[in-house]
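In: here are the coordinates; sequence isn't available:
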């Protein structure tokens with residue numbers, strides 16, 4: 001059985017995406033599901049492939065914030081059925097020590113499974129318009145497409161009453177920000193949380209902190225983003241403010257208990273550490289590309305710093321929690337989304353790079369080709 005459908009293919013590191021008809025010559029293998037994609041968020045990790053120094057195999061279909069409807073299942077033990085609505089998240093092996101400890105984001109094989117070629121047992125199965133093979137699945141899904149083949153392990157069933165086309169970013173970007181607050185920090189009523197950088201991850205953290213009952217301060221240099229953060233109940237603070245750490249300590253009655261940096265800026269990381277109260281915790285989610293110099297005294301008095309991957313989340317637990325908060329009006333992530341047809345992927349990328357949109361979501365056009 002051959003299935004033909006459209007996908008956005010990246011063929012060269014310096015090139016643009018091209019919408020191509022790709023071919024899948026076999027259905028899902030044991031433990032996999034075939035998902036018809038309703039929408040896929042665009043994350044900066046997708047766009048960073050152009051700067052990956054060739055480590056990510058090309059040509060490839062990127063996209064790792066997919067959501068849609070299961071159309072086929074492979075084998076009797078997937079736990080899913082045709083017709084289920086699912087959000088797709090990152091891949092993990094399921095059997096290393098960290099996976100067994102409910103820490104799949106720290107899977108021993110995370111980089112190889114998600115970034116650098118996928119599972120050895122999953123050779124390339126998509127064929128591009130030129131007849132050549134496309135690289136194995138990106139983040140276990142490759143969902144800039146009308147269909148994706150994924151391991152059932154990284155597909156999370158959701159309520160079919162939810163707008164599935166908007167849910168994909170809950171599998172990575174929004175999961176990361178919200179999970180940092182709810183899981184890594186365990187923030188609750190009366191805690192103080194400062195978020196540095198109010199893009200998709202930062203604003204998800206702001207919303208989650210407010211939903212948890214914490215006092216939230218949002219730091220950014222873009223007035224429009226600060227206005228959004230204020231709408232979500234954060235105190236806005238411009239990153240160029242004089243004496244930034246002192247102002248944060250004043251706003252948080254002596255210092256924040258938690259701070260989250262999404263910027264990777266050494267200056268702001270030092271400001272964040274100085275703004276913490278004793279025993280405070282700074283979490284980093286951005287990848288650092290140069291040595292981080294910490295100023296004297298920033299880690300005194302029990303303050304600590306850690307890197308947080310994927311919000312320390314077990315997706316099957318956190319995604320339903322976030323959709324429940326959304327249904328209760330306490331996590332309005334849909335206000336950060338602008339949708340684009342899949343064919344307009346280059347426009348979505350330009351708008352994302354220019355800061356005109358917080359979270360682009362690509363919607364396949366609905367054209368389906370028959371199964372041959």
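Out: Perfect, I can see it now. The model shown is predicted, which means the values in this text are computed figures rather than measured ones.
In: From here on, just use CA atoms for contacts and neighbour counts.
Out: Will do.
In: At which residues are the helices of the protein located?
Out: 44-47, 97-100, 110-114, 173-179, 200-211, 223-231, 244-251, 266-274, 315-327, 345-354 (DSSP state H).
In: Report all helices and strands that the second one contacts.
Out: Yep, that's helix 97-100 we're talking about. Contact partners of helix 97-100 among helices and strands, from 3 or more Cα pairs under 8 Å, 6 or more residues apart in numbering; DSSP states H and E: none.
In: And that helix, how far out from the chain middle?
Out: 21 Å (Cα atoms, centre = their mean, to the nearest Å).
In: any chance you could map the strands in the stretch 151-300 of the chain?
Out: With DSSP state E, counting those that start in this stretch as the criterion, the stretch 151-300 of the chain has strands at 155-158, 192-196, 215-220, 235-238, 256-261, 276-284.
In: List the contacts of the fifth one.
Out: Here strand 256-261 makes contact (Cα atoms under 8 Å, 6 or more residues apart in numbering) with 180, 185, 187, 191-197, 202, 248-249, 268-269, 272-273, 275-286.
In: The closest residue in space to residue 326 that isn't next to it in sequence - how many residues pack around it?
Out: For residue 326, ignoring the flanking residues on the chain, the nearest one in space by Cα to Cα, 6 or more residues apart in numbering is residue 332 at 5.6 Å. Neighbour count of residue 332, defined by other Cα atoms under 10 Å: 17.
In: Can you tell me which of the strands of the stretch 151-300 of the chain is nearest to residue 85?
Out: Set against residue 85 and scored by Cα to Cα, the strands of the stretch 151-300 of the chain come closest in strand 155-158, at 5.6 Å.
In: so what secondary structure elements neighbour the closest one?
Out: strand 85-88, helix 315-327.
In: Check the offset of the first one from the chain's centre.
Out: What it means is strand 85-88. 14 Å.
In: how about it: buried residues?
Out: Buried positions in strand 85-88, judged by neighbour count with 16 or more other Cα atoms under 10 Å: 85-88.
In: swap in stretch 222-231?
Out: Within stretch 222-231, the residues that count as buried by 16+ other Cα under 10 Å are 225-226, 228-230.
In: can you give me the offset of it from its chain's centre?
Out: 21 Å.
In: who touches it?
Out: Residues contacting stretch 222-231 (Cα under 8 Å, 6+ apart): 198-199, 203, 206, 218-220, 235-238.
In: Go ahead and build a PyMOL selection from the buried members of the residues you listed.
Out: To isolate the buried members of the contacts of stretch 222-231 in PyMOL, using 16+ other Cα under 10 Å:
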select buried, resi 198+199+203+206+218+219+220+235+236+237
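In: Which one of the contacts of stretch 222-231 is nearest to residue 21?
Out: residue 199 (32.6 Å).
In: And the pLDDT for that closest one?
Out: Residue 199 is assigned 95 on the pLDDT scale.
In: which residues does the closest residue to it other than its chain neighbours contact?
Out: Leaving aside its sequence neighbours, residue 199 sits nearest to residue 358 (Cα to Cα, 6+ apart; 5.9 Å). Each residue near residue 358 by Cα under 8 Å, 6+ apart is listed here: 199-200, 336-338, 352.
In: Any quick ChimeraX command for the buried ones out of the residues you listed?
Out: To isolate the buried subset of the contacts of residue 358 in ChimeraX, counting by 16+ other Cα under 10 Å, use the following:
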select :199,200,337,338,352
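In: Okay then, goodbye and thanks.
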